[in-house]
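Participant: Requesting a structural model of the entry that follows:
(one chain, ligands or ions: 1)
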Amino acid sequence: MKSRERFLRAIRCEAVEYPPVWVMRQAGRHLPEYMKLREDHSFHELVKTPELACEVTMQPVRRYGMDAAIIFSDILVIPEAMGQEYSFRDAGGIQMAFRVQSAADVDRLEVSAITDRLSYVSDSLKLVRAELGDERALIGFGGSPWTLATYMVEGGSSRDYRFAKRMFYEDRALFERLMEKITAASIEYFRMQVAAGVDVIQIFDSWGGVLSPTTFGPASAEWMARIIEAIPEVPFIVYPKDGHENVASLRSMGAACVGVSWTTDLRAVKEALGPDISVQGNLDPIIVETTPELTRLETRRLLDSMAGVHGHVFNLGHGVSPHGRIDCMQAMVDEIRRT
Ligand code: 1CP
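Facilitator: Numbers count the residues shown, from 1 in each chain. The predicted structure follows:
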């Protein structure tokens, strides 16, 4: 069975011989071939030059034989295309050009130019699709409206998400005005990705897990549900980092697959979600910083815990860090296929 078919079957909870595998941030700083390109090009250059974005996307697929490629880009291209640029802080993390604090700030954000300004993503996707053919799956992605709003309202990376949460609690009308715009922009953006040939879209709700159980729905899940409903052409993977306890919201939002972080039992989440929603995850990303032996053991433990379950996409519980070891990543992929 081709990787692409295995991947799509697992997403739909159909039987496969062994789970398909890809990982978040598989293209990136743990790969010498990526760091080599970064010597000559800034991150923004890599993202915005389709030939380079395609090359970086393909690097981990070639090296590890991943079943799926995730397009090299960033969730922050949406705020950027709406008129709020991002850069990197010297101390690490993201800096946005300004903070969204008022109705006037929200009104300044533009939705109409999204597909024009992000046409480089479409061009990159088409190049990757041509390289992959129908052998391997192509994953498009974007941030959830809530996760994007945290960057936009906080003015960058945050520890406590204070201003975004306060906007939600104190000025719901302003919060919704902002979320309407981000959601509309995301729908345009994902439609463009579908037209360029993606098989699946992953929504990164990286900061969904910082919301209380009663706010996860109105602050995040409902906006993701709107996006999913608007784009019935492809299945969606929703990754609500540490938000897996919000089972009712996750079941009702239309996701085909839920990405799960490493802090919970994957099989228990699968059982709570039911037979029709698949799960993705969930090795502790630190495992691939240890040794190939330990990685093999933990990979096997996870596979055994999911034995007999239809609907498991193998992944780390979050992204690969710059300390990820190539021999550990390879050991993980080999162990999955040793069945
Ligand atoms: O070269 C470098 O130093 C840049 C590091 C880097 C990379 C490799 C950033 C900056 N973004 C990326 C690529 C990226 N970002 C991908 C590529 C595809 C892949 O291989 O997976 C993806 C899917 C993302 C998604 C992304 N960007 C998320 C969601 C995933 C997650 O980690 O939870 C988030 C939160 C971002 C914002 C962002 N961009 C970059 C950084 C360092 C961050 C996180 C900042 C923070 O902690 O607030």
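Participant: Please name the residues that touch the nearest residue to Ile277 once chain neighbours are set aside.
Facilitator: The spatial neighbour of Ile277 that comes closest, neighbours along the chain excluded (Cβ to Cβ, 6 or more residues apart in numbering), is Val258 at 6.1 Å. All C-beta spots, glycine's among them, are computed from the backbone N, C-alpha and C. Residues in contact with Val258 (Cβ atoms under 8 Å, 6 or more residues apart in numbering) are 237-240, 244, 250, 269, 273, 277-280.
Participant: Looking at strand pairing, list the partners for Val258.
Facilitator: Residues in a beta bridge with Val258, per DSSP bridges, are Val238, Val279.
Participant: which residues in the stretch 1-150 of the chain form strands?
Facilitator: All strands of the stretch 1-150 of the chain, identified by DSSP state E, counting those that start in this stretch, fall at 68-70, 86-88, 94-96, 137-143.
Participant: With distance to Ala230, mean neighbour count and mean pLDDT added, can I get those strands in JSON lines?
Facilitator: What follows is those, written out as JSON lines (distance: least, Cβ to Cβ, whole Å; neighbours: other Cβ atoms under 10 Å; pLDDT from 0 to 100):
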{"stretch": "strand 68-70", "distance to Ala230": "22", "mean neighbour count": "26", "mean pLDDT": "98"}
{"stretch": "strand 86-88", "distance to Ala230": "25", "mean neighbour count": "15", "mean pLDDT": "97"}
{"stretch": "strand 94-96", "distance to Ala230": "26", "mean neighbour count": "18", "mean pLDDT": "98"}
{"stretch": "strand 137-143", "distance to Ala230": "13", "mean neighbour count": "23", "mean pLDDT": "98"}
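Participant: can I get these in a markdown table with distance to Asp40?
Facilitator: Converted to a markdown table, the strands of the stretch 1-150 of the chain look like this (distance: least, Cβ to Cβ, whole Å):
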| stretch | distance to Asp40 |
| --- | --- |
| strand 68-70 | 22 |
| strand 86-88 | 17 |
| strand 94-96 | 23 |
| strand 137-143 | 25 |
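Participant: need those strands in a markdown table with distance to the ligand, can you?
Facilitator: Output for those, formatted as a markdown table (distance: least, Cβ to the nearest ligand atom, whole Å):
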| stretch | distance to the ligand |
| --- | --- |
| strand 68-70 | 4 |
| strand 86-88 | 7 |
| strand 94-96 | 5 |
| strand 137-143 | 5 |
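Participant: Pull the most distant pair out of the contacts of Val258.
Facilitator: Within these, Pro240 and Ser278 form the most distant pair, 14.7 Å apart (Cβ to Cβ).
Participant: out of these two, which sits in the busier spot?
Facilitator: Taking other Cβ atoms under 10 Å, Pro240 and Ser278 do not tie; Pro240 has more neighbours (31 against 26).
Participant: Got phi/psi on that one?
Facilitator: phi -90, psi 90 (degrees, to the nearest 10).
Participant: Let me see the contact set for the residue lying closest to it once chain neighbours are set aside.
Facilitator: Leaving aside its sequence neighbours, Pro240 sits nearest to Gly208 (Cβ to Cβ, 6+ apart; 3.6 Å). Residues in contact with Gly208 (Cβ under 8 Å, 6+ apart) are 144, 146-147, 216, 220-221, 240-243, 246.
Participant: ok, now Val279?
Facilitator: Listed by Cβ under 8 Å, 6+ apart, the contact set of Val279 reads 257-260, 266, 269-270, 273, 311-313.
Participant: same thing but at 10 Å, please
Facilitator: By Cβ atoms under 10 Å, 6 or more residues apart in numbering, Val279 lies in contact with 10, 13, 237, 244, 257-260, 266-273, 306, 309, 311-313, 315.
Participant: rewinding a little: quick one: which of the contacts of Val258 is nearest to Ser321?
Facilitator: Tyr239 (16.7 Å).
Participant: Find the nearest non-adjacent residue to that closest one, please.
Facilitator: Nearest residue to Tyr239 in three dimensions, chain neighbours excluded: Gly259, at 3.2 Å (Cβ to Cβ, 6+ apart).
Participant: picking that back up, the contacts of Val279 in strands, which ones?
Facilitator: Judged by DSSP state E, those include 237, 257-259, 312-313, 315 as members of strands.
Participant: can you give me the end-to-end distance of stretch 309-323?
Facilitator: 32 Å (Cα to Cα, to the nearest Å).
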